[in-house]
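Novice: Sequence plus the predicted model coming up.
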Amino acid sequence: MQAVREVVAGRSYLSPVLAERLRTLQGQSASTEVLDPYETLTTREHEVLHLAAEDRTYPEIAAVLGISPSTVETHRAHLMQKLGLRTKTDLIRYALHRGILPMEM
């Protein structure tokens, strides 16, 4: 049931056994490798980030992606957490810095 809940919420799920195996394998790889938080976002989180950076509302994003506004809110909360952002301003600054939004002159 937990796996179904996670997938329905747009997240991935690994069984505890597989998660532990993955941690073990990751521990064996180069420990100096640092992942770019942007690369940890799911495809849907990328889509929500791009649309939210354009200052679109949850209902607008939901209509574009064909999902509910509450699902948009969930994806936005996850991407904000993964990227270490707290406010809409932080999100827009991040998008400008990443080149997601063009700098307007």
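Specialist: It's in.
Novice: Select the helix or strand of the chain having the lowest average pLDDT value.
Specialist: The element with the least model confidence among the helices and strands of the chain, by mean pLDDT, DSSP states H and E, is helix 16-28, at a mean of 76.
Novice: Could you export it as PDB, CA atoms only?
Specialist: Extracted C-alpha coordinates of helix 16-28, given in PDB (Å, rounded to 0.1, in the frame of the first residue of the first chain):
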ATOM      1  CA  PRO A  16      13.500  -1.000   2.200                       C
ATOM      2  CA  VAL A  17      15.700  -3.800   0.900                       C
ATOM      3  CA  LEU A  18      16.400  -2.100  -2.400                       C
ATOM      4  CA  ALA A  19      16.900   1.200  -0.700                       C
ATOM      5  CA  GLU A  20      19.500  -0.300   1.600                       C
ATOM      6  CA  ARG A  21      21.300  -2.000  -1.400                       C
ATOM      7  CA  LEU A  22      21.300   1.300  -3.300                       C
ATOM      8  CA  ARG A  23      22.900   3.100  -0.200                       C
ATOM      9  CA  THR A  24      25.500   0.400  -0.100                       C
ATOM     10  CA  LEU A  25      26.300   0.800  -3.700                       C
ATOM     11  CA  GLN A  26      26.400   4.600  -3.500                       C
ATOM     12  CA  GLY A  27      28.800   4.300  -0.500                       C
ATOM     13  CA  GLN A  28      31.100   2.300  -2.700                       C
END
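Novice: Provide a list of residues in contact with the residue nearest to E73 when sequence neighbours are not counted.
Specialist: With Cβ to Cβ, 6 or more residues apart in numbering as the measure, Y58 is the residue that lies nearest to E73, at 5.6 Å, once sequence neighbours are left out. Using the backbone N, CA and C atoms, a C-beta is placed for each residue, glycine as well. Applying Cβ atoms under 8 Å, 6 or more residues apart in numbering to Y58 gives the contacts 69-70, 72-73, 76.
Novice: please redo it, this time with the cut-off set to 10 Å
Specialist: Contact criterion Cβ atoms under 10 Å, 6 or more residues apart in numbering gives 48, 51-52, 67-73, 75-76 as the residues in contact with Y58.
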